[in-house]
Each structure stands twice: as structure tokens, then as C-alpha cells.
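J.: whatever this is, show me its structure:
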Amino acid sequence: MKENKNIKLTTLCYIEKDGNYLMLYRNKKKDDQSEGKWLGVGGKIESGESPEECVVREVFEETGLSLNSVKFRGIITFVSDIWDNEFMFLYTSDDFTGQLKPVCDEGELAWIPKDEVMELPAWEGDKVFLKPLIEGVEDIHIKLVYEGEKLVKVIE
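T.: Presented below is the predicted three-dimensional model:
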């Protein structure tokens, strides 16, 4: 078992339009731990960058959309026996401009009706925080503990 001393800081944004979330189907990066899963859009916080700066940058890089504002929805803590632990800053936005890129380096982008998002192949833990997110909960703080790819504990 790998002992994780590092903590990754990341962001994730669910962009909303007409009752849909913009979702990313991860199928293009080599050795992607999320391959074959649907996620929101986001990524790693770079040195000197705030979570808000990161989410705006990552969304633009991956989608071509410029976020005019974001709404902070909470922090998700991931603990894993095989990957670095992670603090993920969770956001939503329905205020953006630009045209969706036809191609994303990490996978396929698609607008998915919010009532269908829970049925997509995704990390088990993502569905834990997606449910309150879709229901409009404002302050989501959840700890998800994984052994391999299996979710073994949820602390809310």
C-alpha cells in the first residue's frame, strides 16, 4: 500500500445551461485515472493561483468558455490508498460566454440533462456530492475514502 504524503489541490466546475450540466467524458489522456468516467470540468491548482483563478483557467483551456462568475459550493476531500490525497474546490456557473470547443484534449464534452447525470459512468464518490449539488445545496463538505477504485467510507 502506498502511503500518501502529498495533497493535491484541485477544482471542479459544473457549468449549467437550460437544465443541463456540461460534462467531460474522459477518454483521451494516457494513464488517466478517470478514463471511462464522466466528470465536470476542472484541474490542478498551479503555484500562486487561487481556486477561483484555477477554475476559470481550466474551464477556458478545456472548453473554450469564459466564466464570468462562479459560485463556490464546497470542498470535497478525497483520501486514497493508491493516489495522492486531494482537496477539491467545487463550483457551479451559469454565467459564461464563448463557443464550446469542438475538441478537448482530455475527452468528449457534452451537455447532459441534470436528471440524467447520476446515471452516467462516474466515480462512486462523485455521485455522493452530485446529488446535493443537483438539489441546490449551497455548502457541501464531504470526505470520501477510497481503497483502490472502491469507495469505502463517506463522512458528511
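
J.: state the mean pLDDT of the longest strand belonging to the chain.
T.: The residue-count maximum for a strand in the chain (DSSP state E) belongs to strand 66-80. The average pLDDT within strand 66-80 is 97.

J.: who touches it?
T.: By Cβ atoms under 8 Å, 6 or more residues apart in numbering, the surrounding residues in contact with strand 66-80 are 4, 12-13, 15, 51-52, 55-56, 59-60, 85-93, 95-98, 125, 129, 133, 137-147. (C-beta placed from N, C-alpha, C; glycine too.)

J.: how much does the next helix or strand after it deviate in direction from strand 66-80?
T.: Using DSSP states H and E, the helix or strand that follows strand 66-80 towards the C-terminus is strand 85-97. Per axes from the mean of the first three to the mean of the last three Cα atoms, to 10 degrees, the angle that strand 85-97 makes with strand 66-80 is 160 degrees.

J.: could you dump the longest strand of the chain to CSV, C-alpha only?
T.: Extracted in CSV, the C-alpha atoms of strand 66-80 (Å, rounded to 0.1, in the frame of the first residue of the first chain):
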residue,chain,number,x,y,z
SER,A,66,-15.0,32.1,-20.3
LEU,A,67,-16.7,32.0,-16.9
ASN,A,68,-18.0,35.5,-15.9
SER,A,69,-18.7,34.3,-12.4
VAL,A,70,-18.6,31.1,-10.4
LYS,A,71,-20.4,30.0,-7.3
PHE,A,72,-18.4,28.2,-4.6
ARG,A,73,-20.3,25.2,-3.5
GLY,A,74,-17.9,23.4,-1.1
ILE,A,75,-14.8,21.3,-0.6
ILE,A,76,-14.6,17.6,-1.2
THR,A,77,-11.8,15.7,0.5
PHE,A,78,-10.5,12.5,-1.2
VAL,A,79,-8.4,10.0,0.7
SER,A,80,-6.9,7.2,-1.3
